[in-house]
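Novice: sequence-free structure coming up:
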């Protein structure tokens, strides 16, 4: 017997696929022993992303520590980013439950208005019918285009790839998939074969070249040198595969260092602080802080990366 057919949403028109390129994931800067929101660093990061010519900014994502933020902090972050840049925004939604997710989206819509390109919603169940019901309720209540994020490490939810594809087919308001369940290149190739949505890799760009070759529209991720991701993806989309390889491969040791499990956020914030983009590398619990045993290792990585940047 074949796979059961899941009924599509009654809406027939599909959302416009999310624009290709690099959607930089914004870290949330904190300062002081009280770990207050550092809006000066936030504005500095926003302006830097604009200078890097990213396609857009993803705010309040997993690496933005959205789950640790208050409602008022989320509002302040969105307002600051909007004031500091005219780039389109994808706003991450932390909740896995439908009603809280809708409230988060409605707050983002009230603050961001037309600047809100889409909202990023986690796969919240291994059962495709439950995910479809969740997304349909969100769409009916908010009308927002949805980036469907499949990131089991963050959500705690693993869904079969065939089921994920069924969800996308059944939900015309899904404009993109963020594929972060390894092996990502294989998943991206399958999703690209079966759907018309944009597909983005994440995970710090570790598999970016393979993801692009598999049909990804770009990267939606954080990296301490986002200009490198922009150069790589830009070259690839222009048809210059060799140029894309040349742009990214010298930085792969740094990408690998930065993406270490459980401490990736602390490592990235440390590197961004070393670059002068963040004032402090503070993370909020339960995120793990920077392991000082890696100070010398970080020194070597940042020195080499900056030297590569000067040479280019």
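Specialist: Yep, it's here. These numbers were taken from a predicted model, which means no experiment stands behind them.

Novice: Isn't residue 116 up against residue 87?
Specialist: No. In this structure, residue 116 is not within contact of residue 87 by C-beta atoms under 8 Å, at 11.7 Å. Yep, even glycine has a C-beta here, placed from its N, CA and C like the rest.

Novice: If you count surrounding residues, which of those two has more?
Specialist: The neighbour comparison of residue 116 against residue 87 (other C-beta atoms under 10 Å) goes to residue 116, with 22 against 19.

Novice: Please read off the pLDDT at that one from the model.
Specialist: At residue 116, the pLDDT value in this model is 97.

Novice: same question, residue 85
Specialist: The confidence metric pLDDT takes the value 96 at residue 85.

Novice: That one touches residue 50, doesn't it?
Specialist: Yes. Judged on C-beta under 8 Å, residue 85 makes contact with residue 50 at a distance of 5.0 Å.

Novice: the more surrounded of these two?
Specialist: Neighbour totals were compared for residue 85 and residue 50, and residue 85 leads with 20 against 15 (other C-beta under 10 Å).

Novice: Would you mind measuring from that one to residue 215?
Specialist: When C-beta to C-beta, to the nearest Å is applied, the distance between residue 85 and residue 215 equals 29 Å.

Novice: Okay, now the unreliable bits of the stretch 1-150 of the chain?
Specialist: For the stretch 1-150 of the chain, the stretches flagged by pLDDT under 70 are 1-12.

Novice: And the helices in it, which stretches?
Specialist: Per DSSP state H, counting those that start in this stretch, the stretch 1-150 of the chain carries helices over the ranges 39-52, 71-84, 98-112, 128-142.

Novice: Contacts only, for residue 284.
Specialist: Counting by C-beta atoms under 8 Å, 6 or more residues apart in numbering, residue 284 makes contact with 30, 35, 65, 68.

Novice: okay, now residue 170: neighbour count?
Specialist: Under the neighbour criterion other C-beta under 10 Å, residue 170 is assigned a count of 19.

Novice: scratch that, residue 79
Specialist: Here the count is done by other C-beta under 10 Å, and residue 79 has 13 residues near it.

Novice: my guess is it meets residue 111, correct?
Specialist: Yes. Using C-beta under 8 Å, residue 79 is in contact with residue 111, at 6.0 Å.

Novice: can you confirm residue 247 is in a strand?
Specialist: No. Residue 247 sits outside any strand when classified using DSSP: H, G, I helix; E, B strand; the rest coil, being helix.

Novice: which ones are touching it?
Specialist: Contacts for residue 247 (C-beta under 8 Å, 6+ apart) come out as 228, 231, 232, 235.

Novice: Filter those residues down to the ones in helices?
Specialist: With helices defined by DSSP state H, the entries of the contacts of residue 247 inside them are 228, 231, 232, 235.

Novice: how about the strands in this structure?
Specialist: Across the chain, reading from the start of the chain, the strands by DSSP state E fall at 21-25, 30-31, 36-37, 56-59, 89-92, 116-122, 146-150, 174-179, 198-201, 218-221.
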